[in-house]
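>>> Okay, predicted coordinates and the sequence, questions at the end:
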Amino acid sequence: MALKETIEAGIKDAMRAKDADRLRALRAIKSMILLEETSGASEGGISADAEMKILMKAAKQRKDSLEVYVAQNRPDLAEKEQAELTIIEEFLPKQLSDSELTTRIAEIIASVGASSPADMGKVMGVASKQLAGLADGKAISAKVGELLKK
């Protein structure tokens, strides 16, 4: 089943269960999907890759908002963002652990032939494509920088 149908079914279930947090998060995802479909860039429907990018964008937005709310000491708003983030992450693939990320990036560095921090661009290009959806871009960048400094 495509992501859109899964989200629509989840919205119905959340409405029946009167789960406001889940309903709000699922409606936000559905809205982003509909915006992508009607943007004109996609004919008919959107690809699984585009769906993954939408989910990652939604998760990143929630993480950024969560950081701001925590920094501004707004636990009420931070709690809502955390609840939405948890729900969005249900639809994302399992994220790589720190050790798995280190291993995968080390393999990419070896395959590209990078040896210094000057090669970070080459490594990031390959790493962001291969690890899309499996790790956050900031985490990938930090790990690449750390491994290239060694």
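Here it is on my side, so go on. Numbers count the residues shown, from 1 in each chain.
>>> need the contact list for Val68.
With contact set as C-beta atoms under 8 Å, 6 or more residues apart in numbering, Val68 has no partners. (Each C-beta comes from the backbone N, C-alpha and C, glycine too.)
>>> That one in helix, strand or coil?
For Val68, the assignment made with DSSP: H, G, I helix; E, B strand; the rest coil gives helix.
>>> Distance check, it against Leu77.
9 Å (C-beta to C-beta, to the nearest Å).
>>> same thing with Lys60?
Using C-beta to C-beta, we find Lys60 at a distance of 17 Å from Leu77.
>>> so what's the residue nearest to the spatial centre of the chain up against?
Nearest residue to the geometric centre of the chain (C-alpha atoms, centre = their mean): Met56, 2.4 Å. Neighbour list for Met56: 92, 132-133 [criterion: C-beta under 8 Å, 6+ apart].
>>> What are the boundaries of the helices in the chain?
In the chain, the helices defined using DSSP state H lie at 3-17, 20-38, 48-71, 75-89, 98-112, 120-130, 137-149.
>>> Dump these into TSV; add mean pLDDT as well.
As requested, these are exported to TSV (pLDDT from 0 to 100):
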stretch	mean pLDDT
helix 3-17	93
helix 20-38	91
helix 48-71	90
helix 75-89	93
helix 98-112	89
helix 120-130	87
helix 137-149	87
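>>> pLDDT value on the residue lying farthest from the centre of the chain, please?
In the chain, Ser115 marks the outermost C-alpha relative to the chain mean, sitting 28.8 Å out by C-alpha atoms, centre = their mean. Looking at Ser115, its pLDDT stands at 82.
>>> Ramachandran angles for it?
The phi/psi pair for Ser115 (degrees, to the nearest 10) reads phi -140, psi -10.
>>> Would you mind measuring the gap between the ends of stretch 126-146?
Start-to-end span of stretch 126-146 (C-alpha to C-alpha, to the nearest Å) is 16 Å.
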